[in-house]
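Asks: what's the 3D shape of this:
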Amino acid sequence: MPNATKAKYHHLIPQTYMAAWSRGNGTLRVEFKSNPGVIEERNKERLAGITDFHSIKAGMPICTQADTNLIFASVLPYTVSYDGEVIQDTFKLNRLFYDFDNWKITRPDGTSVSKKKIRHEIEQVKIKDIEANWSEKYENTWSTHVSIIEEKILNASVDSIPAFDREYIMKFFTALDWRGFTSNAQFERTLSWLCHDIMKLGDIDIPEEDRILPSLKTAEDEMRHNLLLQYYRQYLNDTGVIYQAALANLKHTSFHFLVSDGPTMFITSDTPAFIYKRPDNALVGFLPITPQILMVQGKNTDNDSSYYITHITDEAVQNYNKVIRENAEEFVIINW
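Replies: Got it, this is the predicted structure:
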């Protein structure tokens, strides 16, 4: 279902996730790191997203044959020639789209077709299965899972309870770890080493008129975007490196739920899920669930079937909030 959603503004941080920090009308209290101490009110509908970020379009190297058949459907009734060769394969047309100006497009009777009109029709086609599948597989059910987490964690009379929904919660954490404005830390380090240090792709500027998205200013930006979309597609089809990592981590992870009883509540940010290195060098995963609940993941050699619950002091909440703030890319979201 390539166009199962009409959404143009694609949230990197899901609205359903941010809703726990919003008022009933969807308004959030946001503090930008560039303007510390100043709280702005923003609606979650237009925060933490990029227009068409998850869309697949003409010219992108991750296009499949099925994608290109849809994208280039408008040229199929015509004859396309490039460098003296007639091109019928839409997959090849996609590889040559960067040089569209040198295409020759004619009708069956040999008359020329308006390339401006054809290009416009091609560029209007956007494959949105990634955006649609994020919603269907993870976002649409998050609020239900949060309600269950709140009911079980906040009403627990002991410090450990039987685990529930472990696979979904791990997959949701993993999705947010990769979807934020800064993606998975290991991926970002490896990509920077390869694209920036070795291949020097950050030095190659892309002309504004040729950019897939306005924010993709260099060849390094474009490669990162294409790789992420490829990984997202695989993940949403229960395959690929992200999916395998999520399942592998699930076998060796303990889930700890830290509860704030007030007055200070947990904040979240545009990097809601992240891996943090503690002073003792242990790696732990952070994900604020609601203003009252912070999930912390730790390594475990066994397949742990319990959830651990700790009510923490106001000072401890403030310390955790400091870590969340330090790992934010541009802004934090504060409880009302």
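Asks: hey, which helix or strand in the chain has the poorest pLDDT?
Replies: Least confident helix or strand, the chain: helix 185-191 with a mean of 91, by mean pLDDT, DSSP states H and E.
Asks: Run the chain-centre distance for that one.
Replies: In this view, helix 185-191 has its centroid 15 Å away from the chain centroid, taken as C-alpha atoms, centre = their mean, to the nearest Å.
Asks: Averaged pLDDT, the next helix or strand after that helix. What do you get?
Replies: Where DSSP states H and E defines the elements, the next helix or strand beyond helix 185-191 is helix 219-236. Taken as a whole, helix 219-236 has an average pLDDT of 96.
Asks: Could the C-alpha coordinates of helix 219-236 be exported in PDB?
Replies: Only the C-alpha atoms of helix 219-236 are listed here, as PDB (Å, rounded to 0.1, in the frame of the first residue of the first chain):
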ATOM      1  CA  ALA A 219      26.300  13.700  -0.400                       C
ATOM      2  CA  GLU A 220      26.900  12.500   3.100                       C
ATOM      3  CA  ASP A 221      23.400  13.700   4.200                       C
ATOM      4  CA  GLU A 222      21.800  12.000   1.200                       C
ATOM      5  CA  MET A 223      23.600   8.700   1.800                       C
ATOM      6  CA  ARG A 224      22.500   8.800   5.500                       C
ATOM      7  CA  HIS A 225      18.900   9.400   4.600                       C
ATOM      8  CA  ASN A 226      18.800   6.600   2.000                       C
ATOM      9  CA  LEU A 227      20.400   4.100   4.300                       C
ATOM     10  CA  LEU A 228      18.000   5.000   7.100                       C
ATOM     11  CA  LEU A 229      15.000   4.600   4.800                       C
ATOM     12  CA  GLN A 230      16.300   1.200   3.600                       C
ATOM     13  CA  TYR A 231      16.800   0.100   7.200                       C
ATOM     14  CA  TYR A 232      13.300   1.400   8.200                       C
ATOM     15  CA  ARG A 233      11.700  -0.500   5.400                       C
ATOM     16  CA  GLN A 234      13.400  -3.700   6.500                       C
ATOM     17  CA  TYR A 235      12.500  -3.200  10.100                       C
ATOM     18  CA  LEU A 236       8.900  -2.700   9.300                       C
END
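Asks: Can you give the contact residues for that helix?
Replies: 53-54, 56, 60-62, 129-130, 133-134, 137, 174-175, 178-179, 183, 191, 195-196, 199, 201-202, 204, 206, 211-213, 215-216, 240-243, 246 (C-beta atoms under 8 Å, 6 or more residues apart in numbering). Backbone N, C-alpha and C define where each C-beta goes, glycine included.
Asks: which of these count as buried?
Replies: 53-54, 56, 60, 62, 129-130, 133-134, 137, 174-175, 178-179, 183, 191, 195, 201-202, 212, 216, 242-243, 246 (16 or more other C-beta atoms under 10 Å).
Asks: And the spatially most central residue of the chain, how far from V38?
Replies: Most central in the chain under C-alpha atoms, centre = their mean is R179, positioned 2.2 Å from the mean C-alpha point. Separation of R179 from V38 (C-beta to C-beta, to the nearest Å): 27 Å.
Asks: Next: F331.
Replies: F331 is 11 Å from V38, by C-beta to C-beta.
Asks: Over to G24?
Replies: For G24, the distance to V38 - C-beta to C-beta - is 24 Å.
Asks: out of these two, which sits in the busier spot?
Replies: Neighbour count, other C-beta atoms under 10 Å: between G24 and V38, V38 has more, with 9 against 6.
Asks: quick one on the thing from earlier: between F331 and V38, what contacts are shared?
Replies: In contact with both F331 and V38: 31-32, using C-beta under 8 Å, 6+ apart.
Asks: Touching the helix or strand where E40 lies from outside, list them.
Replies: Using DSSP H and E, E40 falls within strand 39-43. Contacts with strand 39-43, where a contact means C-beta under 8 Å, 6+ apart, come from 25-32, 334.
Asks: try it again with 7 Å
Replies: Contact with strand 39-43 is made by 26-31, 334, as judged by C-beta atoms under 7 Å, 6 or more residues apart in numbering.
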